[in-house]
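J.: I would like to see how this sequence folds:
(2 chains, ligands or ions: 2)
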Amino acid sequence: MTAAGSANGHARLGSFPAAVEREAPREARSYHGQPVIKEPIWHPEIPWYFFAGGLGGASAGLAWLAELRGNEVLARRAWIGALVGTGMSPVLLISDLGRPARFLYMLRMFKVTSPMSVGSWVLAVSGGAASAAGLDALLPPARRRWRRLLRVAAIPARPAAAAAGLPLATYTGALIAQTAVPVWHEARRELPALFAAGAAASAGALASALTPVAHAGPARRLALVGCVAELAIVPLMEHRLGELGEPYHREAAGAYGRLARGLTVAGSLLLAARAERSRAAAAAGGALVLAGAACERWSVFKAGFQSARDPRYTVAPQRRRIAGGRTRGASRRVVAAGAARAAGLAGRGGAS
Amino acid sequence: MSELEVRTYGGEARPRVGFFTDTSLCIGCKACEVACKEWNRVPESPQGFTGNSYDNSIDLGANRWRHVAFVEQRKELGVDGVAAGGLVEAASLESLVTDTGLQTYQDGEGLRWLMASDVCKHCTHAACLEVCPTGALFRTEFGTVVVQEDVCNGCGYCIPACPFGVLDQREGDGRAWKCTLCYDRLKDDKEPACAQACPTDSIQFGELEELRGRADRRLEQLAEAGLEGAQLYLADSSDGVGGAGAFFLLLDDPEVYGLPPDPVDTTRDVGESWAAVGVAAAGLAAALIGSVLLGGRR
Ligand code: SF4
Ligand code: SF4
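T.: Ligands and ions are numbered 1, 2, ... in the order given. The predicted structure follows:
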């Protein structure tokens, strides 16, 4: 290298910082377009688990309350929903984990900072209680000893299943919200409510479909309340998310979301208009609403993956937080070189 | 939080240790990647040609606990910079290059390579540890964050919880794996394999307090030479993860290296999430009661 070349080279080097500063701040820079955070590794069992937990949890509440009200016909059908929903939940979780023993590891401790830990306990309590209450409601009385034990166990199990069903149907919102996935974490205030609405809709829908129309009034009302809430919360959530609402409209998440809306609207209209008289309409409406609630979970699930995959959704909101002065971010830069020179040494930018 | 956790070790607590990764010294040799794999017996990871500069190992994951990033930047070099800084600045940079071994500037054409060896940050407030339902992730007596492989059940919660995308699931095994900051070597009073292997001291291991002081002096030195892009990343306890055990000196914004500019431990919002669950559960109860008890019996 010649002396001239070297001097020239270093003169250029000296101008780097100025060149960096002149660059217009782009929306989000990234490392070769690669994601910043990891996508979850959860399998398709997980959105189905959200669905089953919601169905089971809300069904237990419906069953117990119908029993209190003296509507045994409805109560028995709702216990079926509780039994199926809470029964499927551990099966789905274990299938996701791969081995049954792995679920027991969840019960090694109880941590409020981990919704998965809290939820595992909720599922254990609610699954146990709903099984006892549901089996007692569905099995014919017998003179066997175990049957009498079950009868006794069901007395506290019924209210316990109803109560534990409430967190079971909603904690999953907190579960995904407590991650670095932008479209989940920033929706932490709405996700539990959305899942609660879906739970009410699916429990009401299943019971409407299974129950003779004369006894299904409360189930229809529950389904309709759930559907209306679901249809209202989604736009509210997307509005609050602002630009982060985008993934909910794109790719698979968008398709599931549109499907969910269509199914929920069609199903609830059918339930509202015809299910009071026609058992067939109740069954069809119920099936549509159930499918809608399942699709809504899938939409949320997929949106999380899509937002994790794209570094813009991670970086841009963080940059905006810094630009808006809400945080200083994790970097400490030096002050302008001029000021540093004037001070005789390098200052530390932003270190207030 | 981590101070509290470490205090539970009582007399066995050790001073908090970590890495100061000075990326201005990195020559991209990947000795750290290799040393880590060898010492920790980390299985082989996908090989191939990515086309992303000299980076063919892609990112951190279950089978890559150190990862060297390569960024090529070609800048428009106007005369303004020279006018502003002048030859004095250029000369000071030249001496910086020779005196301090700044590695990222290449002669001519205005090409610079940013190279940085990334690793688990061993956050003060570590989301991975907070969400782990089994307690497999724990805080060691050195203030580092480690997964116990015999406890991890592969639930995968820590993977999207980490704001840096450090953890991942190992295929065929199902469990989550990441840098242990060579927990086994620390217990033998040895430095981690990557730091020992690094030929330029880009990876510096030591007690965190000492490293932070060293990093500040280095930042001053580079700033004096006019390197405005230089920044300390995760060096202060005021950031969203409470500062990190493994922190960095970067020469450009963090996102250029694939790092989040404002990472947060989402645990700080867990109260809000539980409150939302409470509200939703109450709403569900109200809907149930309203549907069944109000209105007709049937
Ligand atoms: S960088 Fe990620 S994996 Fe490492 S301690 Fe922090 S949160 Fe955990
Ligand atoms: S995958 Fe293992 S280390 Fe990660 S949260 Fe689950 S149990 Fe803990």
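
J.: can you pull the residues of the stretch 151-298 of chain B lying near ligand 2?
T.: Proximity of the stretch 151-298 of chain B to ligand 2 (C-beta under 6 Å from any ligand atom) is limited to residues B:152-158, B:175-176. For the C-beta atoms, the positions are set from N, CA and C on the backbone; glycine is no exception.

J.: mind listing which of those are in helices?
T.: B:Cys158 (DSSP state H).

J.: tell me which of the residues of the stretch 151-298 of chain B next to ligand 2 is nearest to B:Ala282?
T.: B:Tyr157 (26.0 Å; C-beta to C-beta).

J.: now do the contacts for that closest one.
T.: A:114, A:116, A:179, B:131-133 (C-beta atoms under 8 Å, 6 or more residues apart in numbering or on different chains).

J.: going by distance to B:Glu209, which of those residues wins?
T.: Set against B:Glu209, the nearest of those by C-beta to C-beta is B:Cys132 (27.5 Å).

J.: number of nearby residues for the residue nearest to that closest one when sequence neighbours are not counted?
T.: Residue nearest to B:Cys132 in three dimensions, not counting chain neighbours: B:Cys158, with 5.5 Å by C-beta to C-beta, 6 or more residues apart in numbering or on different chains. Residue neighbour count, defined by other C-beta atoms under 10 Å in any protein chain shown, stands at 30 for B:Cys158.

J.: ok, B:Cys158 touching B:Thr134?
T.: No. With contact defined as C-beta atoms under 8 Å, B:Cys158 does not count as touching B:Thr134 (10.0 Å).

J.: okay, the residues of the stretch 151-298 of chain B next to ligand 2 in JSON lines with pLDDT next?
T.: Shown next, in JSON lines, are those (pLDDT from 0 to 100):
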{"residue": "B:Cys152", "pLDDT": "95"}
{"residue": "B:Asn153", "pLDDT": "94"}
{"residue": "B:Gly154", "pLDDT": "94"}
{"residue": "B:Cys155", "pLDDT": "95"}
{"residue": "B:Gly156", "pLDDT": "96"}
{"residue": "B:Tyr157", "pLDDT": "97"}
{"residue": "B:Cys158", "pLDDT": "98"}
{"residue": "B:Arg175", "pLDDT": "95"}
{"residue": "B:Ala176", "pLDDT": "96"}
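
J.: any idea how far the residue nearest in space to the middle of chain A is from A:Val289?
T.: Closest to where the C-alpha atoms of chain A average out (C-alpha atoms, centre = their mean) is A:Gly173, at 3.8 Å. A:Gly173 sits 19 Å away from A:Val289, going by C-beta to C-beta, to the nearest Å.

J.: B:Leu102 now?
T.: Taking C-beta to C-beta as the criterion, B:Leu102 is separated from A:Val289 by 64 Å.

J.: show me which of those two is the more surrounded one.
T.: For B:Leu102 against A:Val289, the residue with the higher neighbour count under other C-beta under 10 Å is A:Val289, and the figures read 31 against 21.

J.: thought that one was touching A:Val265?
T.: No. With contact taken as C-beta under 8 Å, A:Val289 and A:Val265 are classed as non-touching, separated by 9.7 Å.

J.: for the stretch 151-298 of chain B, what lies in contact range of ligand 1?
T.: So the stretch 151-298 of chain B meets ligand 1 at B:162, B:164, B:166-167, B:178 (C-beta under 6 Å from any ligand atom).

J.: report the two of the residues you listed separated the most.
T.: Maximum pairwise distance among these (C-beta to C-beta): 10.1 Å, between B:Phe164 and B:Lys178.

J.: overlap in contacts of these two?
T.: Listed contacts common to B:Phe164 and B:Lys178 are B:60, B:120; contacts here mean C-beta under 8 Å, 6+ apart.

J.: need the pLDDT of the nearest residue to A:Ile37 once chain neighbours are set aside.
T.: On the basis of C-beta to C-beta, 6+ apart, the spatially nearest residue to A:Ile37 that is not a chain neighbour turns out to be B:Gly165, at 4.3 Å. Per-residue confidence at B:Gly165 stands at 97 (pLDDT).

J.: element containing B:Gly165, please.
T.: In this structure, B:Gly165 sits in neither a helix nor a strand according to DSSP states H and E.

J.: OK, contacts around whatever residue of the stretch 101-250 of chain A ends up closest to ligand 1?
T.: Closest approach between the stretch 101-250 of chain A and ligand 1, counting by C-beta to the nearest ligand atom: A:Ala180, at 8.4 Å. Under the criterion of C-beta under 8 Å, 6+ apart, the contact list for A:Ala180 reads A:37, A:314, B:127, B:160-163, B:165, B:263-264, B:266.
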